[in-house]
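> Any chance you can model this:
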Amino acid sequence: MKLHIVIFAGLVAVAGCGRKPAATAWPLPVVRIEDVPAPATASVVVKKGSNLQTIATDAYGHEDFSGFVASLNGIPDPALVMAGKTLQTPSLAIGIRDAGLDPLYQPAVNVLAKTWMDIRSFLPEYEKQRRVSGVRDGGTFVLGPSLRDQMLRYADSIDAACHVLEYPHANHTAPKSTLGKFSGCSDSLRRFAGGHADSNDYDTFLLQKGFGHGFTYLLIWIKAGHR
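Okay, here's the model as predicted:
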């Protein structure tokens with residue numbers, strides 16, 4: 001993620017995602033929309049025997065992005081997707097932009113999308129370090145400093161992006177369901193960084209699930225007129 005920073009000044013004693021206090025400002029990493037990796041293909045033809053969970057996993061890294069794929073492609077019932085149908089699978093940032101996102105929120109969405117795509121790449125290393133440590137459920141272990149610092153940086157980025165969404169235009173309402181999911185992802189990353197192993201592999205599954213639902217709720221919020 002690029003090191004350029006955008007400062008939202010004049011924000012005194014506020015909380016990103018409703019939690020973390022900021023003394024004077026919230027830094028938001030500058031991520032261009034083209035910096036967000038896209039799936040291998042921008043569209044997918046549904047094959048016989050396939051389903052949205054499989055397509056979502058291939059495109060975005062987890063089956064719980066199936067709701068995102070369904071909403072993006074106007075599918076009211078994900079269970080009824082038909083073989084032969086072409087589904088759009090753009091990058092998360094582009095898909096959300098093209099769904100009608102107010103440009104005010106695009107920088108925050110880019111950060112969230114890039115953060116998720118980066119997290120996908122280091123979760124296997126985190127799981128490896130936890131497994132090698134031999135820690136039991138509910139215990140703690142020492143995570144490598146590089147990975148620990150990376151997780152904390154991404155948690156900070158999520159909080160900064162949430163803060164942008166938490167204070168929308170006067171004629172918009174904050175996407176509370178979206179904020180709740182991304183807030184939970186930030187909390188999980190901070191616990192991982194602290195070496196907390198709440199449940200073997202299930203806590204990482206919940207992190208992935210949180211991102212999938214967060215982006216799905218974000219898309220629904222946009223299609224409802226940012227309300």
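> Can you show me the helices along the chain?
Using DSSP state H, the helices of the chain run over 52-60, 66-72, 92-98, 106-133, 145-166, 176-193, 202-223.
> Can you tell me which of the ones you listed is nearest to residue 38?
Distances from residue 38 to each of the helices of the chain were compared using CB to CB; the shortest belongs to helix 92-98, at 7.2 Å. Every C-beta, even on glycine, is put in place using the N, C-alpha and C of the backbone.
> Any regions of this protein where pLDDT drops low?
Applying pLDDT under 70 to the chain flags residues 1-26.
> Please repeat the previous calculation with a cut-off of 80.
By pLDDT under 80, the weakly predicted segments of the chain are 1-26, 78-79, 200-201.
> coming back round to it: nearest to residue 41, of the helices of the chain?
The closest of the helices of the chain to residue 41 is helix 52-60. By CB to CB, the value is 8.1 Å.
> C-alpha coordinates for the closest one, CSV please?
This file holds the C-alpha atoms of helix 52-60, laid out as CSV (Å, rounded to 0.1, in the frame of the first residue of the first chain):
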residue,chain,number,x,y,z
LEU,A,52,-22.0,-18.2,-6.7
GLN,A,53,-19.9,-19.3,-3.7
THR,A,54,-17.4,-20.9,-6.0
ILE,A,55,-17.3,-18.0,-8.4
ALA,A,56,-17.0,-15.5,-5.5
THR,A,57,-14.1,-17.5,-4.0
ASP,A,58,-12.3,-17.6,-7.3
ALA,A,59,-12.8,-13.9,-7.9
TYR,A,60,-12.5,-12.3,-4.5
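> Show me the contact partners of that helix.
Around helix 52-60, the neighbours that count as contacts under CB atoms under 8 Å, 6 or more residues apart in numbering are 39-40, 44, 46, 62-66, 68-70, 75, 78, 81, 87, 89, 92, 116, 212, 215.
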